[in-house]
Every structure is written in structure tokens, then in C-alpha cells.
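>>> no sequence on this one, just coordinates:
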Ligand code: HEC
């Protein structure tokens, strides 16, 4: 019995913690986007389900350099992805397929917070370009 109560209390505590941190954009990203978009380049690229976050942001910023352009583009794309809007390389869509719409999984307000955080933090300053091909944007962002 004691054991059961302990579990219950733990569960309640955990859900409180989750609710308290839900507004943190990085936590939102981890919960809503992180399943597919990894934040660090994995050793094994073949296990990826989607382009890593730094690659996504590098391409978004090539087409939409300012935050005022990039954030609305991403908010729209995540809810209504399409081949004609995509800024990533066509090979990516061939490999991973078009991103499934996240409508219902994430709200517009959450997306605004998530994509602003993505814009501010990615690609990281020391990012040297995708898959080691030396397309360095180092220091330019
Ligand atoms: C089920 C897997 C999955 C989830 C979850 C997911 N994505 Fe994606 N995303 C993809 C794939 C695959 C692509 C590459 C193909 C494409 O661009 O449509 C992509 C591409 C993108 C792009 C680049 C769009 C472009 O112009 O090509 C952005 C920006 C993006 N995702 C943001 C997000 C955000 C923000 C979230 C969380 C709210 C998210 N994604 C959740 C799979 C996912």
C-alpha cells in the first residue's frame, strides 16, 4: 500500500513539473518536434527521421534571413507543409518524405515560441555545415 501511494505522489509531482516547464520553448521543442528533429548531429546519420535542427535552420535562414520572415514562415509550414513552400533540399524530402502537418499537436502560440527559440539558437555559432561537406556558414550568423 505504501508503495502504491508513493507511486501516486510521484506521478502527481511529475505532472506538476511538466506543467510548470511547458512554456519553456526548448521543452516545447523537445516534446513536440524533438522526436523527429535532433538538436545535435548524431554519429549515425542513417537513423534520422528528419533533418537535424541545425540543418533545418541553416536552410530556413538562407531563404528567410530575418526573424520577422523566418518565424511566420515556419509557423505556417509546420501547420501546412508543402513541397512548393519547402526550403530544404529536394533530396531531403525524397529521403524523409514531406513533414506531416503538426496541426493538433502544437498550437500557433506554442509554435511562435518554439520557432523564435529555433531562430535564436540554431545553427549554433560553431556549426560547420551539413554532413561534413564544408558548406561553412561559420561566423556569418
Ligand atoms: C513526424 C516527424 C516530424 C515532426 C514531429 C516534426 N517535423 Fe519538422 N520536418 C520533418 C521532415 C521529414 C522534414 C523534411 C521535409 C520537409 O521539409 O517537409 C521537416 C522539415 C521541417 C522544417 C523545414 C521546412 C522546409 O522548408 O523544408 C521546419 C522549419 C520544421 N520541420 C519544423 C518543425 C517544428 C517546429 C516541429 C515541432 C512543432 C516539427 N518540425 C516537427 C519531420 C517532422
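Yep, that arrived. Note that the structure is predicted; figures quoted are calculated from it, not measured.
>>> Please enumerate the helices of the chain.
For the chain, helices defined by DSSP state H occupy the ranges 2-21, 25-32, 53-63, 67-79, 90-96, 108-121.
>>> Please identify the most buried of these.
Ranked by mean neighbour count, the helices of the chain are led by helix 53-63 with a mean of 20 (mean count of other C-beta atoms under 10 Å). C-betas here are computed from N, CA, C, even on glycine.
>>> and the protein, which of its residues are near the ligand?
By C-beta under 6 Å from any ligand atom, the residues of the chain that approach the ligand are 32-33, 35-37, 49-51, 56, 60, 74, 77-78, 81, 86-88, 92-93, 96-100, 102, 106, 114-115.
>>> which residues sit against stretch 48-59?
For stretch 48-59, contacts defined as C-beta atoms under 8 Å, 6 or more residues apart in numbering pick out 35-42, 87-89, 92, 96, 99, 118-119, 122-124, 127, 129-130, 137.
>>> shaky segments in the chain?
Scanning the chain for pLDDT under 70 picks out 1-3, 5, 7-22, 128-141.
>>> how about 90 then?
Scanning the chain for pLDDT under 90 picks out 1-23, 41-47, 89, 124-141.
>>> follow-up on the earlier one: filter the contacts of stretch 48-59 down to the buried ones.
Neighbour counting with 16 or more other C-beta atoms under 10 Å marks 36-39, 87-88, 92, 99, 118-119, 122-123, 127, 130, 137 as buried within those.
>>> ok, of these, which one's closest to residue 65?
residue 119 (10.2 Å; C-beta to C-beta).
>>> Looks like residue 67 contacts residue 118 (just checking).
No: contact status for residue 67 versus residue 118: not in contact, 10.2 Å apart, counting by C-beta atoms under 8 Å.
>>> Give me the number of neighbouring residues for residue 49.
A count of nearby residues for residue 49, using other C-beta atoms under 10 Å, gives 10.
>>> Relative to residue 99, how far out is it?
In this view, residue 49 and residue 99 are 10 Å apart by C-beta to C-beta, to the nearest Å.
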